[in-house]
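Engineer: requesting a structural model of the entry that follows:
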Amino acid sequence: MEPIRRQIVDLLPRLRRFARVLARDPADADDLVQTTVERALTRAGQWIPGTRLDSWTFRIMKNAWIDETRARSRRGKVFAPDEEGEHIGFDGGAAMQSRLEAAEVERAMARLPDDQRLAVALVLVEGLSYKDAAEILDIPQGTLTSRLVRGRAALISQLEKVH
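Structural biologist: Just a heads-up that it's a prediction; the model follows:
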């Protein structure tokens, strides 16, 4: 049990990044990471050693987010507006430029349809294989490929307009 805990801790930056893609709101993303880690630890016996722990935890996160969005719609709650997550402090010229570029990419990704945004996040940001990403999203690999092609093209188009 202890090795899986260490591996999950090592995955935290990637889990947080994927949670930001799913939730779009930093506070919701933090809650989603916590829920994912809790579920992964309580279900650690279901993980098969030798398989990809990152894929397994991403699948847990995706399902947790589906559960959360369904619960919110039943409760009639609204998501926090994107603008609330845009208050980021800047320091130094290079750091400022880097953060501005990252914010541009984040905004461009946020404008993608959900199916393309998730495909891009899992393959291009998290570096998962097409096979693993397709399994996480529960779609055929060809569908994932199509979504990636459309998502990548849309991102390039949006980012070229900015520059």
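Engineer: by mean pLDDT, flag the weakest helix or strand of the protein.
Structural biologist: helix 93-111 (a mean of 74; mean pLDDT, DSSP states H and E).
Engineer: ok, then the element right after that helix?
Structural biologist: Remark: after helix 93-111, the chain's next helix or strand is helix 114-120, criterion DSSP states H and E.
Engineer: contacts for the following helix or strand past that next one?
Structural biologist: Downstream of helix 114-120, the next assigned helix or strand under DSSP H and E is helix 130-137. With CB atoms under 8 Å, 6 or more residues apart in numbering as the test, helix 130-137 has contacts from 52, 55, 58-59, 62, 115, 118-119, 122-123, 128, 140-141, 143-145, 148. All C-beta atoms are positioned from the backbone trio N, CA, C, and that covers glycine.
Engineer: repeat that for stretch 7-20.
Structural biologist: With CB under 8 Å, 6+ apart as the criterion, stretch 7-20 contacts 26, 28-30, 32-33, 36-37, 40-41, 53-54, 57-58, 61, 65, 106, 121-122, 125-126.
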